[in-house]
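Undergrad: quick one: sequence and predicted model below, then my questions.
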Amino acid sequence: EQATLLDPGDPSAYVQLGWDYFVQGMHAMAAKEFEKAVQVDPENGTAYGYLGISYYVLRNYEGAIPLLEKAFSLGVRSEEVFYTLGFCYAYTRQCDMAVPWFEQALEMNEASTIARQGLDYCSQE
């Protein structure tokens, strides 16, 4: 918190504070810090990714989709972003959009049980 006060123009301080809140299960507080990070640096893909994942955990799937896509457009390539985006689409009844994201997660980690669960979910839709 002090780092954000000492240098409010440093997005990494907000990202770290947000991550600290996130791992403690304080997802709404985490989202607020990630929102501050993207306001300070609109090109911070990591902040967009974490913000999207926070929205997902808060069950704001529609809100998470553009954030996760923005993270991807800014170069973020992580299994977690891929399968989270997949589940956001799946849970909004868009499995046609979800499947490619689950497949990308599996390309990154062929043992991804979460991505496989997503594909299974969509095969039942």
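TA: Done, it's in.
Undergrad: from here on, just use CA atoms for contacts and neighbour counts.
TA: Fine.
Undergrad: number of residues surrounding residue 125?
TA: Using other CA atoms under 10 Å, residue 125 has 9 other residues around it.
Undergrad: residue ranges in the chain under the pLDDT threshold?
TA: 2-8 (pLDDT under 70).
Undergrad: tell me which stretches of it form helices.
TA: In the chain, the helices defined using DSSP state H lie at 2-6, 11-23, 27-40, 45-57, 61-73, 79-91, 95-108, 113-124.
Undergrad: by contact count, what packs against the second one?
TA: Read it as helix 11-23. helix 2-6, helix 27-40, helix 45-57 (3 or more CA pairs under 8 Å, 6 or more residues apart in numbering; DSSP states H and E).
Undergrad: quick check: buried residues in the second one?
TA: If you call a residue buried by 16 or more other CA atoms under 10 Å, then helix 27-40 has these buried ones: 27-38, 40.
Undergrad: in a markdown table, list those residues along with distance to residue 113.
TA: Listed next are these as a markdown table, based on distance: CA to CA, whole Å:
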| residue | distance to residue 113 |
| --- | --- |
| 27 | 23 |
| 28 | 27 |
| 29 | 29 |
| 30 | 26 |
| 31 | 26 |
| 32 | 30 |
| 33 | 30 |
| 34 | 27 |
| 35 | 30 |
| 36 | 32 |
| 37 | 31 |
| 38 | 30 |
| 40 | 35 |
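Undergrad: may I see the buried residues of stretch 9-19?
TA: 10, 11, 12, 13, 14, 15, 16, 17, 18, 19.
Undergrad: okay, those in TSV with distance to residue 95 next?
TA: Shown next, in TSV, are the buried residues of stretch 9-19 (distance: CA to CA, whole Å):
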residue	distance to residue 95
10	38
11	34
12	34
13	36
14	33
15	30
16	33
17	34
18	30
19	29
